[in-house]
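> Please find the sequence and the predicted model below.
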Amino acid sequence: MTEPAAGDRHDADSLDDAATSAAAPREPFGVRLARAMAERGPLCVGIDPHPSLLDAWGLPATAQGLETFSLRALEAAAGQAAAVKPQVALYEAWGSAGFTVLERVLREAADAQLLSIADAKRGDIGSTMAAYAAAWLSDDSPLAADAVTLSPYLGFGSLRPALDLARRTGRGTFVLALTSNPEGAGVQHVGGADSVAGGILAAVARENGAERAGDDAASSSEGPRGVDRGRGSNRDQIVTSSDAPGGLSSCGVVIGATVGEDLERLGLDLRILNGPILAPGYGAQGADADAVATVFGQVRGTVLANSSRGVLAHGPSVRSLREAVERARGELSEALQER
Ligand SMILES: O=C(O)c1cc(=O)[nH]c(=O)n1[C@@H]1O[C@H](COP(=O)(O)O)[C@@H](O)[C@H]1O
């Protein structure tokens with residue numbers, strides 16, 4: 001990852017150009033993720049340096065403690081997990097010192113062949129979204145990750161700058177659809193059989209259809225073309241997706257492993273997506289590997305399950321962290337293997 005020259009990234013209008021100017025060819029994120037999951041299994045290790053965990057690990061409440069924590073988690077994940085997901089909020093809380101640590105974590109993840117998913121949950125009006133996109137998805141940003149989490153609740157179309165930049169730079173996006181927290185239902189389930197979450201899934205499916213077609217159909221239409229017809233049960237909106245080169249497209253969704261039977265109740269068919277599903281909620285939030293397999297049924301081969309505290313509780317020793325990673329990887333691989 002190249003360091004940006006100081007002071008050369010202040011003009012929001014030039015963010016897009018700067019983002020790809022020095023781009024080295026990179027395989028699409030979905031292809032790289034599919035390969036990583038085939039080689040190392042369906043586990044994403046969440047790096048969530050909660051102050052209480054730093055304390056439990058006997059680390060000082062300083063930027064140095066934050067860095068030591070993060071690098072141990074990375075070491076434990078290396079070779080065993082497909083990806084790591086640093087929780088941006090827990091770095092941001094330290095101000096610039098936290099971001100300096102996060103920059104290092106992202107660089108070291110790449111050196112360790114771990115895909116990085118910056119869990120930033122960004123979402124804003126389009127013009128501001130371009131700046132968030134540049135921060136997390138452009139080649140010359142010190143915070144560039146392989147993928148970033150996005151919140152579509154200012155409207156899926158508001159994410160366009162990030163979706164387009166990710167596609168241009170071979171990076172990925174994970175769009176919140178059905179989150180693992182119980183409060184999410186109050187927004188995401190609205191509409192019942194014509195739910196808000198269903199509209200998000202349909203929009204992501206259309207995005208991936210456009211990626212496969214190699215065109216910008218998704219960006220040119222928020223209307224009737226493709227599958228994004230707004231909210232709704234999506235069983236009749238399947239753009240067949242099994243023909244993606246390399247297996248997965250690069251726009252994914254976030255669906256909590258804790259959602260139980262909500263998918264069925266809302267009439268949502270995940271086979272339309274063709275992109276990866278990031279599934280937090282495994283481990284500390286109560287979903288076990290069998291629950292992950294049950295929730296994701298026919299698309300279990302596309303699921304990347306995240307565990308943060310479930311692994312991190314085994315620190316501070318890298319050895320016991322690594323054992324926890326291996327256990328999680330083993331049980332998820334077994335539960336999620338295609339039957
Ligand atoms: O986007 C996420 O990763 C996310 C979405 C969601 O619906 N639920 C959820 O827990 N997460 C994140 O996943 C991580 C879960 O952490 P643990 O519960 O400790 O495994 C946290 O960083 C959450 O912010």
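Structure received. Residues are numbered from 1 along each chain as shown.
> Surely Glu323 and His314 touch.
Yes - assessed by CB atoms under 8 Å, Glu323 is found in contact with His314 at 7.0 Å. Where you see a C-beta, it was placed from the backbone N, CA and C, and this is true even at glycine.
> quick one, which of these two is more surrounded?
Neighbour count, other CB atoms under 10 Å: between Glu323 and His314, His314 has more, with 18 against 15.
> where's Lys85 relative to Gly192, distance?
31 Å (CB to CB, to the nearest Å).
> make that Leu54, sorry
For Leu54, the distance to Gly192 equals 43 Å [CB to CB].
> Please apply the same query to Arg322.
The gap separating Arg322 from Gly192 is 45 Å, by CB to CB.
> With neighbour numbers in mind, choose between the two.
Comparing Arg322 with Gly192 by other CB under 10 Å, the one with more neighbours is Arg322, at 19 against 13.
> ok, the more buried one - contacts?
Arg322 makes contact with 75-76, 80 under the criterion CB atoms under 8 Å, 6 or more residues apart in numbering.
> What mean pLDDT does the host helix or strand of it get?
Using DSSP states H and E, Arg322 maps to helix 318-336. Across helix 318-336, pLDDT averages out at 98.
> Quickly list what the most centrally placed residue in the chain is bridged to.
What sits nearest the mean C-alpha location of the chain, by CA atoms, centre = their mean, is Phe174, with 4.1 Å. Residues in a beta bridge with Phe174, per DSSP bridges, are Thr149, Gly252.
> Quick check: the gap between it and Gly256.
For Phe174, the distance to Gly256 - CB to CB - is 12 Å.
> With Gly186 instead?
14 Å.
> Just want to know which of these two has more residues nearby.
Taking neighbours as other CB under 10 Å, Gly186 and Gly256 compare with Gly256 leading, 24 against 8.
> if I look at that one, how far off is Ala56?
Counting by CB to CB - Gly256 and Ala56 are separated by 25 Å.
> which bits of the stretch 151-300 of the chain sit near the ligand?
The interface of the stretch 151-300 of the chain toward the ligand, taken as CB under 6 Å from any ligand atom, is made up of 179-180, 254, 256, 280-281, 283-285.
> need the contact list for the one residue in the stretch 51-200 of the chain that gets nearest to the ligand.
For the stretch 51-200 of the chain and the ligand, the shortest gap (CB to the nearest ligand atom) falls at Thr179, measuring 3.1 Å. Listed by CB under 8 Å, 6+ apart, the contact set of Thr179 reads 188, 254-256.
> Let me know the pLDDT of it.
Reported pLDDT for Thr179: 98.
> The one 3 residues further on now?
On pLDDT, Pro182 comes in at 94.
> count of neighbours near it?
9.
> quick one: contacts of stretch 106-114?
With contact meaning CB under 8 Å, 6+ apart, stretch 106-114 is reached by 1, 36, 71, 74-75, 77-79, 81-84, 86, 115-116, 118, 143-146.
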